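> turn this into a structure:
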Amino acid sequence: MTEVVRTRAELAQARAALPGTVAVVMTLGALHSGHEALLRAARERADHLVATIFVNPLQFGPNEDFDRYPRTFEADLEICRSAGVDLVFAPSRDEMYPTGEPLVRVDPGPLGAELEGASRPGFFNGVLTVVLKLLHLVRPDFAFFGEKDYQQLTLVRRMARDLDVPVEVVGVPTVREPDGLALSSRNRYLSGEERVTALSLSAALRAGAGAAVGGSGPAAALAAAHQAFQATGTAAKLDYLVLTDPELKPDPLAGPARMLVAAWVGGTRLIDNVPVQLTEPPSRTPGSKEEI
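All right, here's what the predicted structure looks like:
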């Protein structure tokens, strides 16, 4: 039985009735198979599962799609029921921000101004503020986030560490369509032709990750990714395509890394990323042909 609550008072009362460990999955709604994977992973880890459904206005810029973001509450609730969610917190805007937009917000630090933050100023300020509020309200032991929004996951983990929030932040691998497209609520905005164009993001990441395994170095991995994007994404507008370390620090030379891409496909902005394992280039003998 999935209980739905909409106010802080209702949430506090329902949360007090959940013994044992509690996991939370925070969503904007418009749930899809990627969210189902998050809910399943959380359900397996904790005694009880809370899902939040709230389209957070703080993380939408003035020219972004807050008003047209899909609201599919009844369908979302059915997915939550099927996934074994105990409690759904679906507050109104006034319930989350009773005095209007908060004057005090979470500063994401330097990383918040890079990659997604460079293209969407203030985005992570809004994300971390609502995440921290929901962590305080739900009081979970575990919080599950998808790796598709990898920068968000990284910043939430950093916020929990830096601000001593007593929660374990768990990442769940990206769920993809059979052809490789990462699942996203924004995919529903794509036309049939744009849906094909959107495959350029995952194609670039596959090519880059494959090149990295050969020991040719990070520059060659990025070059392979760019070449694959240009070959399949002539109608897509690239925002960024980068290779970083797992903490999103620049210029990894070897070992675990992350390749991230963002691009506009028509009027829809999509993001994706994959883990990459950079291997050391083959050693060269001094004076050999390769060095000449």
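> the residue nearest to Leu115 when sequence neighbours are not counted: how many residues sit nearby?
Using C-beta to C-beta, 6 or more residues apart in numbering and skipping the chain neighbours, the partner closest in space to Leu115 is Gln151 (5.5 Å). The C-beta positions use only the backbone N, C-alpha and C, and glycine is treated the same way. Gln151 has 24 neighbouring residues, counting by other C-beta atoms under 10 Å.
> helix, strand, or coil at the closest residue to Leu248 other than its chain neighbours?
Sequence neighbours aside, Thr154 is the residue nearest to Leu248 in space, at 5.4 Å (criterion: C-beta to C-beta, 6+ apart). Following DSSP: H, G, I helix; E, B strand; the rest coil, Thr154 is assigned to helix.
> contact partners for Thr154?
By C-beta atoms under 8 Å, 6 or more residues apart in numbering, the residues touching Thr154 are Leu111, Glu247, Leu248.
> ditto for Phe145
Met26, Leu38, Gln152, Leu153, Val156, Val169, Val170, Gly171, Val172.
> try 6 Å this time
Contacts for Phe145 (C-beta atoms under 6 Å, 6 or more residues apart in numbering) come out as Leu153.
> for the helix or strand it falls within, the distance to its chain's centre please.
Here Phe145 sits within strand 142-146, counting by DSSP states H and E. Chain-centre distance of strand 142-146: 10 Å, with C-alpha atoms, centre = their mean, to the nearest Å.
> before we move on, what about stretch 98-107?
The chain centroid and the centroid of stretch 98-107 are separated by 23 Å under C-alpha atoms, centre = their mean.
> next: stretch 215-223.
Its chain's C-alpha centre and that of stretch 215-223 lie 25 Å apart, by C-alpha atoms, centre = their mean.
> in it, what counts as buried?
Residues of stretch 215-223 classed as buried by neighbour count (16 or more other C-beta atoms under 10 Å): Ser216, Gly217, Pro218, Ala221, Leu222.
> which one of those sits closest to Pro70?
Lowest distance from Pro70 to those (C-beta to C-beta) belongs to Leu222, with 34.2 Å.
> quickly find the element holding that closest one.
In this structure, Leu222 is located in helix 218-232 according to DSSP H and E.
> what ranges do the strands span in the chain?
Secondary structure of the chain by DSSP state E: the strands cover 3-5, 22-27, 48-53, 87-89, 142-146, 168-172, 236-244, 255-265, 268-278.
> just the residues contacting the third one, thanks.
Contacts with strand 48-53, where a contact means C-beta under 6 Å, 6+ apart, come from 18, 22-27, 29, 42-43, 76, 80, 85-90, 134, 138.
> shaky segments in the stretch 101-250 of the chain?
Residues of the stretch 101-250 of the chain that meet the criterion pLDDT under 70 lie in 233.
> what about the residue nearest the centre of the chain, distance to Glu116?
Centroid-nearest residue in the chain, with C-alpha atoms, centre = their mean: Asp149, separated by 1.5 Å. The gap separating Asp149 from Glu116 is 8 Å, by C-beta to C-beta, to the nearest Å.
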